[in-house]
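Visitor: sequence and computational prediction follow.
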Amino acid sequence: MSIVSSDPALSPLPRTPLRLAGGLPTKTGSKFIPRTSPATTGVRYLSASIQLTDLAPRVREFVEEHVKILRPANVHVCDGSSEENQSMVKLLQDIGRLKKLDKYENCYLAITSPEDVARVEKQTYVCTTKKEDSVPTPAPRVESVLGNWKDPQEMDKEMESKFQGSMEGRTMYVIPFSMGPLGSKLSKIGIQLTDSEYVVASMRIMTRMGRGVLDVLKDGSFVKCVHSVGYPLSEGQKDAEWPCNKKKLAIVQYPERNEIKSFGSGYGGNSLLGKKCFALRIASTIARDEGWLAEHMLILGLTNPQGVKKYIAAAFPSACGKTNMAMLTPTIPGWKAECVGDDIAWMRFNEEGRLMAINPENGFFGVAPGTNTGSNPNAMGTIFRNTIFTNVASTSDGGVFWEGLEKEVPADVSITSWLGTKNWEKLTDHEKKEKPAAHPNSRFCTPTSQCPVVDPDWEDPRGVPIDAILFGGRRPRTIPLVYEANSWNHGVFVGASMRSEATSAASDFKKGGLLHDPFAMRPFFGYNFSHYLQHWLRLQHTPGVQMPKIFHVNWFRKSDGKFIWPGFGDNIRVLDWIFRRCDGEDVAQSSPLGLIPKEGTINTEGLGPIDMASLFQMPKEELREEAAVMEDYFEKQLSGDIPAEVRQELEQFKGRVDAL
Ligand SMILES: Nc1nc2c(ncn2[C@@H]2O[C@H](COP(=O)(O)OP(=O)(O)OP(=O)(O)O)[C@@H](O)[C@H]2O)c(=O)[nH]1
Ligand SMILES: O=C([O-])CC(=O)C(=O)O
Ligand SMILES: [Mn+2]
């Protein structure tokens, strides 16, 4: 179908373009056709290749029920076709929400409201009948930092009042999507309602979306996702450049009902509901009940110079290096790295007891700043086709710019910052620091299939076998470059003890301080963290399973304010050691934290001078402090609910530190 139809009766117009076509200069050459007011015609179901009557009863009921609440002017069921996408992108350009980047093929730039640039954690809720199903019970007078709970009925009331009429004057899009390869036993289906065309275009990149999903779903159950930017338009009202509703923001998960409601934000992590809301919060709860894992992890295939291949999964907090590692370019000759996924892993044991992982996503929603040919050539090879950039700077030759691309932008172009500052390149260094060209959490949204090193099996419905799980974070001190957990229980303790410097991926925290981020899941737990730990501990008792080894890495150790380790492609040197440990090579020795490389067993050939000793320094006082912080955190946050195995690992760690 086409969104912009020449037949007025079929033309699916939100009110914005009407106003654009009428009042403003026709700079875009909009072909929008005025239509009668929804108040007089009622809701219109748009001419689409999928009609309302084509929908299975459950889907149709979901749509109709919400039309009553949201009161959109139009409804459009997305078929996922390229014609539909072209019309959507055209519409977005016409209303000024996307700008075409002429330098590249089918690439666009979106600039959000400066108030809507990252996930909001304070307004993110998990609603279960019993509070302890969502969040652990902290010690008396301690506030939980492991999620926000609200009673589902109370929240329903709040959300219903927010959603009442919130799509007035807009089109409601119905997006059927699959998380995971269409039809895989490991995949799950959701249907998202949204009033944002940006979300529709982005969901088409990030998920498998459209008609095929409805065919697979039939009349089965699905995760119900409702999203509204919360900015209804009354007759004649001018639309905002980036409609959102900061005052009424709420991102709500109902794991007991497999439902998600998101109000007030158009930013990816809050509005592309397949991602964090579904693939992590809802899915982690389903995984708990079904005996598998839904984790904030990249998945990487590694082939050594002898041709042996293993897959690893790695959990690093937001903006701590998952996308970079998922596309790593090894600097040791003979190694090959192939990407399965960069953000989320769903992992389940197969009949042979192997832990098999799929990437439930279809695209990368990656951090732009820092990405360049030196740090991540494979991302650079992915993102200049069919990509939506958000909150990056633009250049006078129709390209993009962000911090890290200084050497790759032609010298004679001028730069417009994400906030609209023209000739940004002429600012002083101080001004540039104060007002970066791109927002630090600016992102590219791009198809996984375009990655030059995408793994041949990335869409294998059976998943890929995982040999090692890595945890990591930004730790300027104390934590060595790499260590191996002594056992599965110890590995769970290592994951639970993760801390990292705060980044720009969440708007609630000041950058810099060390934050607890267990399993890199703190903002994404769909259920009580204490139960989550028990679930991880329990997995090893599944009959006949082969557990992956667990490691912790730290690329971010500093000396004199500078990173000691070169990172990026050189991380293969650490992965090489991990690979050898998976093969049982005798290259490890014990330390209080876990098993560290025996001297000389990290390949540093060709690295130039590097102070390896300082990467492994573990001063006793710092380890003591580390143990004390962990103990305090567990006791305050989990109170009486610390699993015995975790408590035991903590005691053993303290013992090892004392024995130093
Ligand atoms: N020093 C150093 N910086 C790195 C390394 N890997 C990634 N970074 C930087 O960390 C930032 C975020 O990296 P990403 O790979 O996008 O992080 P992510 O974990 O995928 O982030 P989310 O998409 O928010 O989950 C970028 O600015 C990178 O340049 C590394 O090995 N060393
Ligand atoms: O959710 C988002 O906004 C992006 C992301 O991957 C993260 O923050 O981990
Ligand atoms: Mn992420």
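Guide: Great, that's in hand. Ligands and ions are numbered 1, 2, ... in the order given.
Visitor: now Val492. Nearest residue, chain neighbours left out?
Guide: Closest residue in space to Val492, ignoring its immediate chain neighbours: Trp536 at 4.8 Å, by C-beta to C-beta, 6 or more residues apart in numbering. Quick note: C-beta positions are derived from backbone N, CA and C, even for glycine.
Visitor: so who does Phe556 touch?
Guide: By C-beta atoms under 8 Å, 6 or more residues apart in numbering, the contact set of Phe556 is Cys320, Gly473, Arg474, Arg475, Pro476, Glu501, Phe563, Trp565, Gly567.
Visitor: tell me the one of those nearest ligand 3?
Guide: For these, the minimum distance to ligand 3 (C-beta to the ion) is 9.0 Å, reached by Cys320.
Visitor: still on that earlier bit, so the residue nearest to Val492 touches Phe493, yeah?
Guide: No - taking C-beta atoms under 8 Å as the definition, Trp536 is not a contact partner of Phe493, at 10.0 Å.
Visitor: of those two, which one has the most company?
Guide: Neighbours of Trp536 and Phe493, each counted by other C-beta atoms under 10 Å, are more numerous for Phe493; the result is 27 against 23.
Visitor: just checking, that one touches Lys654?
Guide: No - here Phe493 lies out of contact with Lys654, judged by C-beta under 8 Å, at a distance of 11.7 Å.
Visitor: any shared contact partners between those two?
Guide: Common neighbours of Phe493 and Lys654 are not found (criterion: C-beta under 8 Å, 6+ apart).
Visitor: longest single helix anywhere in the protein?
Guide: Using DSSP state H, we find that the single longest helix of the chain is helix 620-638.
Visitor: if we can go back for a sec, filter the contacts of Phe556 down to the buried ones.
Guide: Among the contacts of Phe556, those scoring as buried are Cys320, Gly473, Arg474, Arg475, Pro476, Glu501, Trp565, Gly567 (criterion: 16 or more other C-beta atoms under 10 Å).
Visitor: and these as JSON lines, adding secondary structure?
Guide: Listed next are the buried ones among the contacts of Phe556 as JSON lines, based on DSSP: H, G, I helix; E, B strand; the rest coil:
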{"residue": "Cys320", "secondary structure": "coil"}
{"residue": "Gly473", "secondary structure": "coil"}
{"residue": "Arg474", "secondary structure": "coil"}
{"residue": "Arg475", "secondary structure": "coil"}
{"residue": "Pro476", "secondary structure": "coil"}
{"residue": "Glu501", "secondary structure": "strand"}
{"residue": "Trp565", "secondary structure": "coil"}
{"residue": "Gly567", "secondary structure": "coil"}
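Visitor: redo those residues as TSV? Include pLDDT.
Guide: Output for these, formatted as TSV (pLDDT from 0 to 100):
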residue	pLDDT
Cys320	96
Gly473	96
Arg474	97
Arg475	97
Pro476	96
Glu501	94
Trp565	98
Gly567	97
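Visitor: could you dump the residues you listed into TSV with distance to Ala48 added?
Guide: Formatted as TSV, the buried ones among the contacts of Phe556 follow (distance: C-beta to C-beta, whole Å):
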residue	distance to Ala48
Cys320	41
Gly473	46
Arg474	46
Arg475	51
Pro476	53
Glu501	47
Trp565	52
Gly567	47
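Visitor: no further queries at this time; thank you.
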